[in-house]
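In: One predicted model, sequence on top.
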Amino acid sequence: MGEGAMGNADAPPRGADYERALPAADAAPVVFEDERRSPIARLQRFLHTYPITVPLIVLGMSVLIFSLLVGKRFYQPYNLSLILQQVTIIGIIGIAQTLVILTAGIDLSVGAIMVLTSTIMGGVAVHAGVPAELALPLGLCLGILCGSINGLLVTAARLPPFIVTLGTWSVFGALNLWYSGSQTIRAQEVADAAPLLQLTGTAISVFGARITAGTVLMLVLAGVVSYILSHTAFGRHVYATGDDPEAARLSGIGTRRVLLAVYALAGLVAAIGSWALIGRVGAISPTSGGGANLDSITATVIGGTSLFGGRGSIAGTLVGALIVGVFRNGLALGGLDALWQEFTVGILIIAAVGVDQWIRRVAQ
C-alpha cells in the first residue's frame, strides 16, 4: 500500500493535472540576448567578429580624403606603385609580427633579424664568394635560428616576450654591426657577385603601375600564412593559445610547442623580408630598415590585430601597412614635414588601440 502510494506520488501528472502543468499559451515569448542588444552593442559584436572592417573603412576614407586634398598626383599609377613599394617591407615584417601578437606576445627583434640576415647573406655572397643560391637559404636558416632563440627563451625559460625580444634586438643588432664592420656593400658589388639577392627589386608593369617582385613576394607570403592560420590545425592552435592559453592547454594543445613554432616562423618571415629589403635598396647596409620594428607593430595594430591575442588577420595587417603608406605619402604630397607624418601615425596607433579596447568589451 505504501509502495503504491509512493509510486502514484512520483508518477507524472495525467489528464487535467497534466494540462494544468503546461505553461500558459499567453506566456511571455522568449527574448534572445541578441534581440535585447542596443545598436551600439550590435556594432561591437559585428566588429569583434570581423576585425578587418575598421581598417578597411579607414583605408577607404584615407584614399578618398587625400584624393580630394592632393588631387590627381595622388592616384596616378606612379604614385600608387610607389606606395606599394614603400609598404612592401612593412607588410612582410608585419606578417611576422602578427603571428607573434596573435599569441598575446610581441617581437621587438624582427627588424634586427631582417637586417642581420641581409648583411650575412650579402657578406658571404660578395666577400666570401659563396654562390647566392647557397647564401640565400643560409640567410633563411639564420632567421629561423634567431626566431627559435626567442621562442626558447619565452617557452623554456618562461621569460616575458617583451623583455626577451628587447634583449635579442640589442644582441642581433650588435652582431650585425660586428659582422658588417658598419660597412655598406654597394649595389654594384651585389649586382656583380650575387644578382639573385637583388631579384626582388625587379620591376613588373601592371596596368601602367610599376610593381616590384618584392611586392608580389609579400602578397604570396601573406596568402600562404593566411591559409595556414585559417585552414590548418596549427592556425587554430595559434588563435586558441593567444585567446586563452590555459584553456588551450587543458584542451590538449601543446602551447609551448605552438609558441616555439610561431617565433621560429616569424624569424623565417623576417629573413624573407631581408631578401625584399636588398631588392628594394639595392645595396646592403647594416643601418637599413631601422624603423621596421615599430612600423611592423604599427601596421599590425592598425590592421585590427588585438594586442591581447586571439583576434586578427594577415589581411588586416596588409591593410594597416597600406594605411600607414597612404598617410605618409598623402601628407608628403601635401607638403607636410616628416615630423607631422610621424605625429599622425602615432595618433592612428592610439586610436587603433582605443577601438580594440572598446571592441573587446563585448567578449567580457
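Out: Cool, the structure landed.
In: buried set for stretch 227-237?
Out: Residues of stretch 227-237 classed as buried by neighbour count (16 or more other Cβ atoms under 10 Å): 229, 235, 237. To be clear about C-beta, it is placed using only N, CA and C from the backbone, and glycine gets the same treatment.
In: I'd like to know which of those residues is nearest to residue 250.
Out: If you rank those by distance to residue 250 using Cβ to Cβ, residue 237 comes first, at 13.3 Å.
In: Could I get the contacting residues of that closest one?
Out: 248, 253, 255, 258 (Cβ atoms under 8 Å, 6 or more residues apart in numbering).
In: element containing it?
Out: helix 233-243 (DSSP states H and E).
In: how about the CA coordinates for that helix, as CSV?
Out: This file holds the C-alpha atoms of helix 233-243, laid out as CSV (Å, rounded to 0.1, in the frame of the first residue of the first chain):
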residue,chain,number,x,y,z
ALA,A,233,45.1,22.8,-37.1
PHE,A,234,48.3,24.8,-36.3
GLY,A,235,46.5,28.0,-37.2
ARG,A,236,43.6,27.2,-34.9
HIS,A,237,46.1,26.4,-32.1
VAL,A,238,47.7,29.8,-32.6
TYR,A,239,44.4,31.6,-32.1
ALA,A,240,43.5,29.4,-29.1
THR,A,241,46.8,29.9,-27.5
GLY,A,242,46.5,33.7,-27.8
ASP,A,243,42.9,33.8,-26.7
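In: pLDDT (mean, whole number) over the top helix by length along the chain?
Out: Under DSSP state H, the helix in the chain containing the largest number of residues is helix 255-281. Averaged across helix 255-281, the pLDDT comes to 96.
In: got it, and stretch 220-234?
Out: pLDDT averaged over stretch 220-234 equals 96, rounded to a whole number.
In: residue ranges with poor pLDDT in the stretch 251-364 of the chain?
Out: Screening the stretch 251-364 of the chain residue by residue with the criterion pLDDT under 70, one finds the ranges 360, 362-364.
In: if we go to 80?
Out: Applying pLDDT under 80 to the stretch 251-364 of the chain flags the ranges 289-291, 336, 338, 341, 355-364.
In: where do the helices sit along it?
Out: If you assign secondary structure with DSSP state H, counting those that start in this stretch, the helices in the stretch 251-364 of the chain sit at 255-281, 292-302, 314-333, 338-360.
In: Of all these, which one is nearest residue 125?
Out: Ranking those by distance to residue 125, with Cβ to Cβ as the measure, places helix 255-281 first at 10.0 Å.
In: Any idea how far the helix or strand hosting residue 54 is from the middle of the chain?
Out: Assigned by DSSP H and E, residue 54 falls within helix 53-70. Taking the mean C-alpha point of helix 53-70 and that of its whole chain, the gap between them comes to 21 Å (Cα atoms, centre = their mean, to the nearest Å).
In: Stretch 40-53 too?
Out: For stretch 40-53, the distance to the chain centre is 19 Å (Cα atoms, centre = their mean).
In: Please name the residues that touch the most centrally placed residue in the chain.
Out: Geometric centre of the chain, nearest residue: residue 98, 2.4 Å, by Cα atoms, centre = their mean. Counting by Cβ under 8 Å, 6+ apart, residue 98 touches 300, 303, 305, 312, 313, 314, 317.
In: State the number of residues packed around the residue nearest to residue 310 when sequence neighbours are not counted.
Out: Distances taken as Cβ to Cβ, 6 or more residues apart in numbering put residue 243 closest to residue 310, at 2.9 Å, once the chain neighbours are dropped. Around residue 243 sit 18 other residues, with neighbours defined as other Cβ atoms under 10 Å.
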